[in-house]
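Asker: pasting the sequence and the predicted coordinates here, then a few questions.
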Amino acid sequence: MIGNLKSYSKYKESGVPWLGEVPAHWDVLPNRTLFVEVKERGHIDEQLLSVTISQGVIRQSDLLTNSSKKDSSNEDKTKYKIVNPGDIAYNKMRAWQGAVGVSQYRGIVSPAYIVVRPRDKQNAMYFHYLLRTPVFAKESERWSYGITSDQWSLRSEHFKMIYCSVPSESEQSIIVEFLDNIDFRIRRYIRAKQKVIKLLNEQKQAIINKAVARGIDPNVRLKPSGVDWLGDIPEHWNLRRLKFLVDNVNKQTSSKMDEEIYIALDQIESWTGKISFPEAEVIFESQVKRFRAGDILFCKLRPYLAKVTRSKQNGVCVGELLVLRSQRADLLPEFIEQKLRSVQIINIVNSSTFGAKMPRADWSFIGNLLIAYPDSTQEQKTILDFIDKNTQRLSLAIEQIQEEINLFIEYQTRIISDVVTGKVDVRGIQLPEVEDIGEPESQDEQEILGEVEDSEEVMNADE
């Protein structure tokens, strides 16, 4: 994207391992001289802010709207800390993962967060970019303390002892202008690519929805289902309520066996059912549900996200997932999974939700839905094979585009790190003018950027 970037003409040893050599005219200073900590409290009516790994400081209302996260804030917000535009906040339990950033908003954050304000002549956005680099995250990890990684904490007194590279005020502005330009252009690229992915996914859903609703024989005789949203169905298909096809298993537990997996809502990809697993061992305190390999997990919270999957392993999952187990030998679990993840089913379930902030469907409604299906497992398998064959090319195209997006994000991460630590000189670089990018990214783009992060408040903060 930007070629022929050159190094500075002269360097010096910073004396700080994570920085290495820095431009000779740059300072290297401890954070205690660059920032002042902000502990102002009592602004209970201000909007809630969260610090995410992927985007830094965002409004919590945006996080809750665009993900399946619950509002985990304390009802008593008298101890919440005020954050003003230009302040930098970090989640001290997640600083080592990159949960830090400058705020564009006025609001309040959990007492578990640290809020600092850049001193005079420091550009907050320069430090936003610097403190979000992987190398700074590694340094944060070195200064964090705790028994396990889930308990590592970067306390304020240790943050103040970390040294940072500090160009002059004018050079900080040049760096920020350069990186803002790069950020805009990459986000614009991602937005365009994500539109293509959205179209490809819509094509996949059209193929799946038609196949599981009417089969794959264009000449099949149809009969009225008697249900408006269901319409006509193949004449030889059965029509049964879901509760007579599957059991809603609600086996509660507070522990996980070594061979079991753990599935939370954010690990299930919308509309595909792909499951991602966290690298670290998951620790949970609340009750979870136990499921078996082959069970279908259906998210009743924000059903429009279409988080429906079928695990190949035994495990436990969060309570917002219904655990549905096939009770009929003449109905393949794979077919039920595709049926429940179809646009037709998702739309009707979504129309039944209650609750404005956290819309949720109820099993009494879902279980009474009429499900049309062929009584022959061979026909079900033929339909599933048809879906696989006719969506494979689309899935491959989506994966290739996603790989391109990931490469651009990796490029952006690398160039930000090189620029803010002085490995390359961007002074004098002619940048193309860009127009205002407008409103924040859509939900789809946020998912590409990994928006849904672990941003739950940690209320037992050290004071």
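Answerer: Perfect, I can see it now.

Asker: now do the end-to-end distance for stretch 82-94.
Answerer: This stretch, stretch 82-94, spans 20 Å end to end (C-alpha to C-alpha, to the nearest Å).

Asker: now swap in stretch 47-58 and tell me
Answerer: End-to-end for stretch 47-58, by C-alpha to C-alpha: 11 Å.

Asker: ditto for stretch 7-15
Answerer: 19 Å.

Asker: state the mean pLDDT of that stretch.
Answerer: On average, the pLDDT along stretch 7-15 is 97.

Asker: residues in contact with it?
Answerer: Here stretch 7-15 makes contact (C-beta atoms under 8 Å, 6 or more residues apart in numbering) with 20-25, 28, 163, 165, 422-425. Any C-beta I mention is one placed from the backbone N, CA and C, and that applies to glycine too.

Asker: go again with 6 Å.
Answerer: Stretch 7-15 is contacted by residues 21-24, 28, 425 when judged by C-beta atoms under 6 Å, 6 or more residues apart in numbering.

Asker: equivalent analysis for stretch 84-95, please.
Answerer: Here stretch 84-95 makes contact (C-beta under 6 Å, 6+ apart) with 51, 57, 83, 99-100, 102-104, 106, 109, 113-117, 124, 140, 153-154, 458.

Asker: in strands, which of the residues you listed appear?
Answerer: Within the contacts of stretch 84-95, residues falling in strands by DSSP state E are 51, 57, 83, 100, 102, 109, 113-117.

Asker: now render those as TSV, adding distance to Asn219 and neighbour count.
Answerer: Shown next, in TSV, are the ones in strands among the contacts of stretch 84-95 (distance: C-beta to C-beta, whole Å; neighbours: other C-beta atoms under 10 Å):
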residue	distance to Asn219	neighbour count
Val51	58	30
Val57	58	26
Val83	64	27
Val100	61	31
Val102	62	22
Val109	62	26
Tyr113	63	26
Ile114	67	26
Val115	67	25
Val116	70	23
Arg117	71	15
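
Asker: can you tell me which of those residues is closest to Glu410?
Answerer: Val100 (19.7 Å; C-beta to C-beta).

Asker: what ranges do the helices span in the stretch 151-300 of the chain?
Answerer: Here the stretch 151-300 of the chain has its helices, by DSSP state H, counting those that start in this stretch, at 156-159, 169-214.

Asker: make JSON lines out of the ones you listed and add distance to Val246.
Answerer: Converted to JSON lines, these look like this (distance: least, C-beta to C-beta, whole Å):
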{"stretch": "helix 156-159", "distance to Val246": "51"}
{"stretch": "helix 169-214", "distance to Val246": "15"}
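
Asker: need the ones you listed in TSV (columns: mean pLDDT, mean neighbour count and distance to Arg292).
Answerer: Compiled in TSV, the helices of the stretch 151-300 of the chain are given as follows (pLDDT from 0 to 100; neighbours: other C-beta atoms under 10 Å; distance: least, C-beta to C-beta, whole Å):
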stretch	mean pLDDT	mean neighbour count	distance to Arg292
helix 156-159	96	17	45
helix 169-214	95	17	23
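
Asker: before we move on, back to that, nearest to Ala293, of the ones in strands among the contacts of stretch 84-95?
Answerer: Of all the ones in strands among the contacts of stretch 84-95, Ala293 sits closest to Val51, with 37.0 Å by C-beta to C-beta.

Asker: how about Gln287: what's its closest non-neighbour residue?
Answerer: Gln252 (4.9 Å; C-beta to C-beta, 6 or more residues apart in numbering).

Asker: and that neighbour, how far from Lys423?
Answerer: Using C-beta to C-beta, to the nearest Å, Gln252 is found at 53 Å from Lys423.

Asker: buried stuff in stretch 52-63?
Answerer: By 16 or more other C-beta atoms under 10 Å, the buried positions in stretch 52-63 come out as 52-60, 62-63.

Asker: which members of those are the farthest-apart pair?
Answerer: Ile53 and Arg59 (16.1 Å).

Asker: how long is stretch 29-36 end to end?
Answerer: OK, stretch 29-36 end separation, C-alpha to C-alpha: 14 Å.

Asker: mind listing what Gly20 touches?
Answerer: For Gly20, the contact set (C-beta under 6 Å, 6+ apart) is empty.

Asker: that one and Ala213, how far apart?
Answerer: As judged by C-beta to C-beta, Gly20 and Ala213 stand 60 Å apart.

Asker: state the distance from Ala89 to Ala124.
Answerer: If you go by C-beta to C-beta, the gap between Ala89 and Ala124 works out to 11 Å.

Asker: relative to Val196, how far out is Ser395?
Answerer: From Ser395 over to Val196 (counting by C-beta to C-beta), the distance is 14 Å.

Asker: list only buried entries from the contacts of stretch 7-15.
Answerer: Here, 16+ other C-beta under 10 Å leaves 22-23, 425 buried among those.

Asker: ignoring the adjacent residues along the chain, who's closest to Gly101?
Answerer: Here the residue nearest Gly101, using C-beta to C-beta, 6+ apart, is Gly56, at 2.0 Å.

Asker: equivalent analysis for Leu48, please.
Answerer: Gln60 (4.0 Å).

Asker: could you check the pLDDT of that neighbour?
Answerer: 85.

Asker: repeat for Asp232
Answerer: Per-residue confidence at Asp232 stands at 96 (pLDDT).

Asker: and if you look at the one 5 residues further on?
Answerer: As predicted, Trp237 sits at a pLDDT of 97.

Asker: quick check, it in contact with Pro374.
Answerer: Yes: counting by C-beta atoms under 6 Å, Trp237 does reach Pro374; the two are 5.3 Å apart.

Asker: what does the model give Arg325 for pLDDT?
Answerer: 97.

Asker: tell me which of the helices of the stretch 151-300 of the chain sits nearest to Lys6.
Answerer: With respect to Lys6, and counting by C-beta to C-beta, the nearest of those is helix 169-214 at 13.5 Å.

Asker: packing partners of that closest one?
Answerer: helix 124-131, helix 343-350, helix 377-420, helix 443-448 (3 or more C-beta pairs under 6 Å, 6 or more residues apart in numbering; DSSP states H and E).

Asker: just put those in CSV and tack on mean pLDDT.
Answerer: CSV is the format used below for those (pLDDT from 0 to 100):
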stretch, mean pLDDT
helix 124-131, 97
helix 343-350, 96
helix 377-420, 96
helix 443-448, 37
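
Asker: deepest of those helices, which one?
Answerer: helix 124-131 (a mean of 23; mean count of other C-beta atoms under 10 Å).

Asker: and stretch 306-325, which residues are buried?
Answerer: Buried-residue list, stretch 306-325, by 16+ other C-beta under 10 Å: 306-311, 314-318, 320-324.

Asker: same thing with stretch 424-436?
Answerer: Along stretch 424-436, these residues count as buried under the neighbour rule (16+ other C-beta under 10 Å): 424-426.

Asker: let me know the closest of the residues you listed to Tyr145.
Answerer: Closest to Tyr145 out of the buried residues of stretch 424-436 is Val424 (34.0 Å), distances taken as C-beta to C-beta.
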